[in-house]
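Novice: Provided below are the primary sequence and the corresponding predicted coordinates.
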Amino acid sequence: MTALMKTKPLDPLDRVLDRVAEDWLFLCPSGEIANAVAQIGRYGLITDVYSPKTIRRIARGKKIVVVAPSGGPGRQQALEAMAECRAAGARVVREWCLLGLGVEFLDFTSWSLTFDLANCLWCEQPWLGAPATGADPEPCSRMSRTTSTDDDEAEITLPEWPAPPEEAAYHGLAGAIVRSIEPHSEADPAALLAQLLVAFGSMIGRSAHVRVGATWHHANEFALMVGETSAARKGTSWSEVCRFVGAVDPEWRDQRILGGLSTGAGLIYHVRDPLGGKEPMRDKGTVTGYQEVIRDHGVSDKRLLVIETEFGGVLKVSSREGNNLSAVMRQGWDGSTLASMTKSSPYRATGAHVSIIGHITAEELTRLLSQCDQANGFANRFLWVCCRRSKLLPFGGRIPPDEVDRLQARLSEAAAFARSAAMIQWTRPAMAIWDEVYPRLTSPRPGALGMVSSRAEAHTLRLALLYTLLDRSDRIEPEHLAAALALWDYCQRSAAYLFGTTTGDRDADRILEALRACSQGLSRGEIRRACFGDNKSADHVASKLTILLQAGSVRRETVATAGRPAERWFAVGDVVRGNVKNVISPQATGPRTPYHVFHVPTYQGPPEDHSPSAGPGAVAADPADSAAGAHREKPDVLDHRGVDPTDPDAF
């Protein structure tokens, strides 16, 4: 049904919206958008359908603003609506193009429409008077126009896709497997590598570990593949990896790879301990005592790899009131005892070895990852891996069977070694590298990016452990640490691409979006009215501005007036589509540079002796924990890259 409404008088941008007189008409694609627009303008008419009959009846003599999506079926409908307007004798003053929204508007709120419309109308003030002659203007949006001539000349750059992992990440057996798959698959090599490491860490169990003080880091990891649905080939990448690791341990593949996370109790159940109890002993109906019985024999194999190809569903259920899935998942990454103190679920799990691989689109992630999960440590327990289709193979590919057999045999040997390993030690050269990069890994970052990547040192340690075990070594060598740093660096670039400069606080992000849309800046009162409709206190706005100021996302200026000086707030930084340019990634132009984010000291060759009684070449372990050190042949160091290990610039 067509809805015609007088727009309500609202105050956020009177200087612009006062100009919207009664001879204006807004054509909206849905009732939601029509209702939101109704909260913005001063006068004007609004209709919520692109109906030719309605347009012919009411559009003559009007100045039209067509509210149009940037793509999809709604875009074609908007073009047809504009044609109807012209046929009815109306002038299409503006196509108000909502970039990035497709045909879904349910999350688009009236405050952001306010500033979008303000930029749309204000940026071309002559059009607000009498209709101009000539061709209709080009589509306008807040992303393609600003309010000053200087800003019109500013270059707009789309966010860069994260630069791929450096070659160091493809070290050893993991790199060999990825290289064998890559020519025959459309999967992203980064997704192949990350899932291979997580799957291998799950398959080998929790015997091997690295100690940091009293904390034991085992080989279990969480990783999230983020890419477009279908086109990113996330499922393809897992299928390729599963072919290799599944053949090494078919029982683990068939019994211990599961999906369908829904509750914390459900996760605990699949790695539960035996559940005992007492039953009364009776003699002729009289209780004579109690005996211990086993009510549930539990799960003997505590390895669990959870594959969630629709991780958005996990985020949905974990956000429900009373659902403790997020907390139990965090405990699982830590290797803590899993338990739920409820009468209906008395199970607990000790020694659980939980790994998780999830697949999700960037849009789902942005919409469903709650502010709480960004801040409480849930998000920072995941490796963030942006992935996309690497090539087009209409008929797929086929890895030579003899190459598959050879790599599976090597992977089986590495798994057998890793299951017998205990505490993994450090060599002196690797310790020197770790000492150098540790301050950089642990330095805090502001905003949402800092929250989702704040376990950099823990993830790097676990990745180094996995590379070490794949080399069948009981010592972390420089090349293992270099590989871990290279992969973590890519995960950090992926997180920067996904989360940009958002603060992780919804109200603070709302203010930042408003400031970005208004280059003249806003006062606190204007922020409160425009962003929150005067429904938030001045103290609340001040606290959110403090968050943005600490993150370096805004600046404030004092403007002299006839009375008391006025304070105005401005957004800072290069912003495109709510994200930042990927400053962590190397520039897309020019030759690729070697791995340079972390300087790795020159590798000086293998230590003289790996025994616990060795001298300066190794850090001794506790005798009880050194059983993993079966002697092996030292693999070639960095030879797969063709780099001279004595060259100080090799890294």
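Specialist: Looks like it came in fine. Numbering: from 1, shown residues only.

Novice: contacts and neighbour counts: CA atoms only from here.
Specialist: Will do.

Novice: quick one: average pLDDT of the helix or strand harbouring residue 529?
Specialist: Secondary structure from DSSP states H and E places residue 529 in helix 524-532. The average pLDDT for helix 524-532 rounds to 83.

Novice: Next, count neighbours for the nearest residue to residue 541 once chain neighbours are set aside.
Specialist: Using CA to CA, 6 or more residues apart in numbering and skipping the chain neighbours, the partner closest in space to residue 541 is residue 528 (6.7 Å). For residue 528, the count of nearby residues is 21 (other CA atoms under 10 Å).

Novice: I'd say residue 528 and residue 540 touch.
Specialist: No. Counting by CA atoms under 8 Å, residue 528 does not reach residue 540; the two are 9.2 Å apart.

Novice: Quick check: which element contains residue 317?
Specialist: Going by DSSP H and E, residue 317 is part of helix 311-318.

Novice: Return the alpha-carbon coordinates of the following helix or strand past that helix using CSV.
Specialist: Note on helix 311-318: by DSSP H and E, the next helix or strand toward the C-terminus is helix 325-334. Extracted in CSV, the C-alpha atoms of helix 325-334 (Å, rounded to 0.1, in the frame of the first residue of the first chain):
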residue,chain,number,x,y,z
LEU,A,325,28.9,-21.2,24.6
SER,A,326,31.3,-18.2,24.2
ALA,A,327,32.7,-18.7,27.7
VAL,A,328,33.2,-22.5,27.2
MET,A,329,34.9,-21.9,23.8
ARG,A,330,37.4,-19.5,25.5
GLN,A,331,38.1,-22.1,28.1
GLY,A,332,38.7,-24.7,25.4
TRP,A,333,41.3,-22.6,23.7
ASP,A,334,43.1,-22.1,27.0
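
Novice: Now do the longest helix seen in the chain, average pLDDT.
Specialist: When the chain is parsed with DSSP state H, its longest helix is helix 478-499. Average pLDDT, helix 478-499: 94.

Novice: The helix or strand that it is followed by: which residues count as buried?
Specialist: Next along the chain after helix 478-499, taking DSSP H and E as the criterion, comes helix 506-517. By 16 or more other CA atoms under 10 Å, the buried positions in helix 506-517 come out as 507, 508, 509, 510, 511, 512, 513, 514, 515, 516, 517.

Novice: What residues does the fifth one make contact with?
Specialist: The neighbourhood of residue 511, defined by CA atoms under 8 Å, 6 or more residues apart in numbering, consists of 527, 531, 544, 545.

Novice: what about the third one, which helix or strand?
Specialist: Assessed by DSSP H and E, residue 544 sits inside helix 538-550.

Novice: Can I get the buried residues of helix 506-517 in CSV including pLDDT and distance to residue 421?
Specialist: Formatted as CSV, the buried residues of helix 506-517 follow (pLDDT from 0 to 100; distance: CA to CA, whole Å):
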residue, pLDDT, distance to residue 421
507, 81, 49
508, 81, 48
509, 78, 47
510, 81, 51
511, 86, 52
512, 82, 51
513, 78, 51
514, 81, 55
515, 85, 55
516, 79, 54
517, 77, 57
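
Novice: Just to be sure, residue 206 is in a strand?
Specialist: No. Counting by DSSP: H, G, I helix; E, B strand; the rest coil, residue 206 is not found in a strand; it is coil.

Novice: hang on, isn't it packed against residue 219?
Specialist: Yes. At 6.4 Å, residue 206 and residue 219 qualify as touching, with contact defined as CA under 8 Å.

Novice: Neighbour count: the two, which is higher?
Specialist: residue 219 (31 against 23).

Novice: Which parts of the stretch 201-350 of the chain are strands?
Specialist: Using DSSP state E, counting those that start in this stretch, the strands of the stretch 201-350 of the chain run over residues 210-212, 215-217, 222-226, 257-258, 275-283, 286-296, 303-308, 338-339, 348-349.

Novice: Select, out of these, the one closest to residue 239.
Specialist: Smallest distance to residue 239 across the strands of the stretch 201-350 of the chain (CA to CA): 11.2 Å, for strand 303-308.

Novice: Give me the sheet partners of that closest one and which way each runs.
Specialist: strand 257-258 (parallel), strand 353-360 (parallel) (DSSP bridges).

Novice: CA-only coordinates of whichever helix or strand comes after the last one, as PDB, when you get a sec.
Specialist: Which is strand 353-360. Next in sequence after strand 353-360, counting helices and strands by DSSP H and E, comes helix 362-368. Output of helix 362-368 as PDB, limited to C-alpha atoms (Å, rounded to 0.1, in the frame of the first residue of the first chain):
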ATOM      1  CA  ALA A 362      32.600 -10.300   6.200                       C
ATOM      2  CA  GLU A 363      29.100  -9.000   6.200                       C
ATOM      3  CA  GLU A 364      27.900 -11.600   8.700                       C
ATOM      4  CA  LEU A 365      30.900 -11.000  10.900                       C
ATOM      5  CA  THR A 366      30.300  -7.300  11.000                       C
ATOM      6  CA  ARG A 367      26.600  -7.800  11.800                       C
ATOM      7  CA  LEU A 368      26.800 -10.700  14.300                       C
END
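
Novice: List the residues that contact the residue nearest to residue 541.
Specialist: The contact partners of residue 528, by CA under 8 Å, 6+ apart, come to 534, 535, 536, 537, 538, 541.

Novice: just to revisit the earlier point, most tightly packed of the strands of the stretch 201-350 of the chain?
Specialist: The highest average neighbour count among the strands of the stretch 201-350 of the chain, using mean count of other CA atoms under 10 Å, belongs to strand 222-226 at a mean of 26.
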